[in-house]
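**Student:** Model the following, please.
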Amino acid sequence: MEPQIYIAPGPFELETGHTLPELRIAYHTYGTMNAAKDNVVWVCHALTANSNVADWWPHTVEAGRFLDPARYFVVCANIIGSHYGTTGPLHVNPATGKPWYRDFPPFTIRDIVRAHRLLAEALGIGRIATLVGSSVGGFQAVEWAVTEPKRIERLALIATDAKASPWTIAIDETQRMAIEADTTFGEPRDDAGMKGLATARAIGLLSYRGPEGYNLTQQDREEAPAVHRACTYQQYQGEKLCRRYNAYSYYAILNAFDTHDAGRGRGGVERALAGIEARTLVVGITTDIIFTPAEMRRLHAMIPGSTYHEIDSPFGHDGFLVEYKQLNEILLPFMQGESFHVTQ
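**Tutor:** Residues are numbered from 1 along each chain as shown. A predicted model of the protein is given here:
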């Protein structure tokens, strides 16, 4: 399923002071917007995902699920800097006639959200019935709900936060160091920095899955093996990402993620979140070591009238991708306006 492409009118000014001469936004939609335009569900994706939600979030865009296309008009836009259609490092810079590569201008989470807002206007979307964001998709969702509180009716925040923490920034920096250690990174070609990208992905996976996930799935199947299963898994995951992504996009997006601070210029995070008007659901994951349950409860405490629920999973941060049945049991009643209790 190929994405649709929206081309924004005129240059797109970035919060960093730079300008994109042209902004292309790749997006997918599922279902049909009803006459009242009150069935829009907008999904914000994370790191290396794309706008095709059905591709990266298994068993969610299906009948009876929380992204049921027969019930909702589901929209997902690919983020700035990505490898999947929206303007990024491999696109041609109109000023030079050559790909941007490492010269792609720095951008922020707020820029990503402003691009979402442009697309929403172009699609004739006013109020969003439910805005859903997991991980860094949640960064975008928080920012959008703070920026346009009256536009968002319901807000679902899964394994995320209102500000990039020193811990998450450290994880990103370690991955950037791996990419920078590849001597080909910086060369003007699409496949530059691939060894560094593979290593960065392997580093990232340690935090995505955590010890419980690895110990559950990567045990050796024989005594004293020549190569440990956990080693081949790390190598495979690095190589797998290199087959579908590029180091320049990965590097640029990591930089953008670290800019996330919903309270910047707004009197701090607590004050910014106090302005959210959407009915909000915050979902943590018991074994998540990136956005820990304690951090998720703090996020919940700062959003007026929000409810909190935890997914019990051994798969760490990646639990939001794996535990789709639990997620459906939580999100479906929330989106349909049914009574919902807080789980501590």
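**Student:** from here on, contacts and neighbour counts on C-alpha atoms
**Tutor:** Fine.
**Student:** Shouldn't residue 140 be within a helix?
**Tutor:** Yes: remark: residue 140 belongs to a helix, assigned using DSSP: H, G, I helix; E, B strand; the rest coil.
**Student:** Which residue ranges of the chain form helices?
**Tutor:** When assigned using DSSP state H, the helices of the chain occupy the ranges 53-56, 109-122, 136-147, 166-180, 194-217, 229-244, 247-257, 269-273, 293-302, 319-322, 324-335.
**Student:** Residue 130 is in contact with residue 44, isn't it?
**Tutor:** No: between residue 130 and residue 44 no contact is recorded; they are 11.0 Å apart, counting by C-alpha atoms under 8 Å.
**Student:** and residue 209, how many neighbours does it have?
**Tutor:** For residue 209, the tally of surrounding residues (other C-alpha atoms under 10 Å) stands at 21.
**Student:** Nearest spatial neighbour of it, chain-adjacent residues omitted?
**Tutor:** Distances taken as C-alpha to C-alpha, 6 or more residues apart in numbering place residue 316 nearest to residue 209, at 4.7 Å, with adjacent residues excluded.
**Student:** Against residue 239, how distant is the one you found?
**Tutor:** Counting by C-alpha to C-alpha, to the nearest Å, the gap from residue 316 to residue 239 is 22 Å.
**Student:** Also residue 127?
**Tutor:** Distance from residue 127 to residue 239, counting by C-alpha to C-alpha: 41 Å.
**Student:** Residue 147 too?
**Tutor:** Taking C-alpha to C-alpha as the measure, residue 147 and residue 239 are separated by 38 Å.
**Student:** Check residue 300 too.
**Tutor:** The separation that residue 300 has from residue 239, given C-alpha to C-alpha, amounts to 37 Å.
**Student:** neighbour count winner among those two?
**Tutor:** Neighbour totals were compared for residue 300 and residue 239, and residue 300 leads with 23 against 18 (other C-alpha under 10 Å).
**Student:** list the contacts for that one?
**Tutor:** Going by C-alpha atoms under 8 Å, 6 or more residues apart in numbering, residue 300 touches 281-282, 306-308.
**Student:** residues near residue 271, how many?
**Tutor:** Summarising burial for residue 271: neighbours were counted as other C-alpha under 10 Å, giving 15.
**Student:** OK, contacts around it?
**Tutor:** For residue 271, the contacting residues are residue 263, by C-alpha under 8 Å, 6+ apart.
**Student:** what residues are up against the nearest residue to residue 144 once chain neighbours are set aside?
**Tutor:** Computed as C-alpha to C-alpha, 6+ apart, the closest residue to residue 144 that is not its neighbour in sequence is residue 113, at 6.1 Å. The contact partners of residue 113, by C-alpha under 8 Å, 6+ apart, come to 140, 143-144.
**Student:** Nearest to residue 274 among the residues you listed?
**Tutor:** Minimum distance to residue 274 across the contacts of residue 113 is 12.6 Å, recorded for residue 143 (C-alpha to C-alpha).
**Student:** Residue 264 is in contact with that closest one, correct?
**Tutor:** No: counting by C-alpha under 8 Å, no contact exists between residue 143 and residue 264, whose distance comes to 10.5 Å.
**Student:** Who are the contact partners of residue 152?
**Tutor:** 127-131, 145, 277-278.
**Student:** just the buried members of those?
**Tutor:** Buried residues within the contacts of residue 152, defined by neighbour count using 16 or more other C-alpha atoms under 10 Å: 127-131, 145, 277-278.
**Student:** Could I get the residues you listed in JSON lines, plus columns for pLDDT and distance to residue 158?
**Tutor:** As requested, the buried ones among the contacts of residue 152 are exported to JSON lines (pLDDT from 0 to 100; distance: C-alpha to C-alpha, whole Å):
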{"residue": "127", "pLDDT": "97", "distance to residue 158": "21"}
{"residue": "128", "pLDDT": "98", "distance to residue 158": "18"}
{"residue": "129", "pLDDT": "98", "distance to residue 158": "17"}
{"residue": "130", "pLDDT": "98", "distance to residue 158": "13"}
{"residue": "131", "pLDDT": "98", "distance to residue 158": "11"}
{"residue": "145", "pLDDT": "98", "distance to residue 158": "14"}
{"residue": "277", "pLDDT": "98", "distance to residue 158": "18"}
{"residue": "278", "pLDDT": "98", "distance to residue 158": "15"}
